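1. Here is my input, please return the structure:
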Amino acid sequence: MNDTQRIVMVAPHFEEYAFLLARALARRAKVLLVIDTARLGADFADRPQPDAPCVTLRHCDFRPAELPGLMQAIARFRPDVLHWQEPSGLVKAVMAAVTLVAARPFCRTAMTIHDAVPHSGRDAKIAARLAPVRRFARARAQVLFVHGGLCRAQYLAEYLPPPHRDNRVQLTVHGTILAGPPVPPPTDFRVLMFGRMEAYKGLDVLLAAMRRLVADGVPIALELAGSGPELDRLGDDFAALPQVTVRRGYITSADLVERIGAADCLVLPYHSATQSGVLAAAMANGRFAVASAVGGIPDTVQDGVNGLLVPPGDVDALAGALARLAGDSQLRRTLQAGAARTAAEQLDWNVIADDLLAHY
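-> Numbers count the residues shown, from 1 in each chain. The predicted structure is shown next:
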């Protein structure tokens, strides 16, 4: 791909992810990014937004009435590639399907699948309703990107069991997000978990592990920040523990960056997973993760190098890993250095963009 190539990227969600990817692609191509600019602005409302002079932004609310205008904008840009970030929600999924069908005769079509197989709980119910439209749209993309080898294996097993194969499915990486200025780690051992707390996030496992650590007198402080049904269900139980802080509700991007910097590491006790923006945010700020070895997490976390991996649902293993870290500040510093290297190498947006350009 050369500098004359033209790419339209349509991102109905994951605004910071899509903006940083488009910015990196624009080093070697002309890029039109169709995005909800208000939501993008909200992501960067309280922190600097990187310059992207070679990216043309087009606002879209992704309502049905905007479909004709979206199709016109794509046609006027005359793209060589139309790349969708796979949407959730029926209206957005239909918009993706229609534009991919319309564009395929005159350009390459691509889609990034952020969840190759839906998470358990509410996500699975939503995905079941969207399944026919999603299958249709995915079939119209000439190249599909998923986050890591395990996600590709999940996708192929779910949609194309042996002996069938789909050579369109390529690997990509979730680049760094929520990057802040370097901050020295705390002197005491502090752990953070943030985000939308759904059943698959494993708060039940973390609660059992924290109860054990508190009973054993392990010097650890945990902060939970976010919202969701599992935090509603278990938040009071966490708050009753003497070494736990629970912060409920919406948290700004700048506050998240501050909370990550105030912790030694993040904990991801997930029962299931695909890729993880939480991991990308942690490593962008030089913080490692203690995480379940599920889904695409082991594609990013190397045990003992830039984090610690534990079996999903294993309270003993999670408590043991956290206790080990609480008693070994040198190990914490080693893993933080490994996380920073991963952010600068594997999760660098320019590296990711170059790989996408090669697969287009």
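2. Helices of the stretch 251-360 of the chain, start to end?
-> Per DSSP state H, counting those that start in this stretch, the stretch 251-360 of the chain carries helices over the ranges 253-261, 277-284, 297-300, 315-326, 329-344, 349-359.
3. looking at those helices, which is buried most?
-> Stretch with highest mean neighbour count among the helices of the stretch 251-360 of the chain: helix 277-284 (a mean of 26; mean count of other CB atoms under 10 Å). All C-beta spots, glycine's among them, are computed from the backbone N, C-alpha and C.
4. just how off-centre is it within its chain?
-> What separates the centre of helix 277-284 from the centre of its chain is 8 Å, taken as CA atoms, centre = their mean, to the nearest Å.
5. mean pLDDT for the helices of the stretch 251-360 of the chain: which is lowest?
-> Set side by side, the helices of the stretch 251-360 of the chain differ in mean pLDDT, and helix 297-300 is lowest with a mean of 90.
6. if we can go back for a sec, can you put the helices of the stretch 251-360 of the chain in a markdown table and add distance to residue 14?
-> Output for the helices of the stretch 251-360 of the chain, formatted as a markdown table (distance: least, CB to CB, whole Å):
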| stretch | distance to residue 14 |
| --- | --- |
| helix 253-261 | 13 |
| helix 277-284 | 8 |
| helix 297-300 | 17 |
| helix 315-326 | 28 |
| helix 329-344 | 18 |
| helix 349-359 | 13 |
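7. among the ones you listed, which is nearest residue 109?
-> Among those, the nearest to residue 109 by CB to CB is helix 349-359 (12.6 Å).
8. Packing partners of the closest one?
-> When contacts are defined as 3 or more CB pairs under 8 Å, 6 or more residues apart in numbering; DSSP states H and E, helix 349-359 sits against helix 15-25, strand 143-147, strand 169-172.
9. so how far is the longest one off the chain centroid?
-> Averaged C-alpha coordinates place helix 15-25 at 13 Å from its chain's average position (CA atoms, centre = their mean).
10. Now do it and helix 277-284, the angle between them.
-> Orientation of helix 15-25 against helix 277-284 (axes from the mean of the first three to the mean of the last three CA atoms, to 10 degrees) gives an angle of 60 degrees.
11. what does helix 15-25 rub up against?
-> 7, 9, 11, 31, 33, 35-36, 39-40, 43-44, 49-50, 52, 54-55, 85, 174-178, 253, 277, 349-350, 352-353, 356-357 (CB atoms under 8 Å, 6 or more residues apart in numbering).
12. Tell me the spacing between the most centrally placed residue in the chain and residue 133.
-> For the chain, the residue nearest the mean C-alpha position is residue 277 (2.6 Å; CA atoms, centre = their mean). According to CB to CB, to the nearest Å, residue 277 stands 24 Å off from residue 133.
13. quick one: the strands in the stretch 51-200 of the chain?
-> 55-59, 81-85, 108-113, 143-147, 169-172, 190-196 (DSSP state E, counting those that start in this stretch).
14. The second one pairs with which strands, parallel or anti?
-> To tie it back to what came earlier, the one meant is strand 81-85. strand 6-11 (parallel), strand 108-113 (parallel) (DSSP bridges).
15. Also the shortest one?
-> Note on strand 169-172: by DSSP bridges, its sheet partners are strand 143-147 (parallel).
16. Might one say that residue 146 is in contact with residue 115?
-> No: in this structure residue 146 lies outside contact range of residue 115 using CB atoms under 8 Å: 9.2 Å.
17. more crowded one of the two?
-> The residue with more neighbours, out of residue 146 and residue 115, is residue 146; 26 against 21, by other CB atoms under 10 Å.
18. Mind listing the residues bridging to that one?
-> With DSSP bridges as the rule, residue 146 is bridged to residue 113, residue 171.
19. re the thing from before, which one, of the helices and strands packed on helix 349-359, ends up nearest to residue 300?
-> Comparing those against residue 300 with CB to CB, the closest turns out to be strand 143-147 (8.8 Å).
20. who's in contact with the closest one?
-> 108-114, 116, 138, 152, 155, 166, 168-174, 274-275, 296, 299, 356, 359-360.
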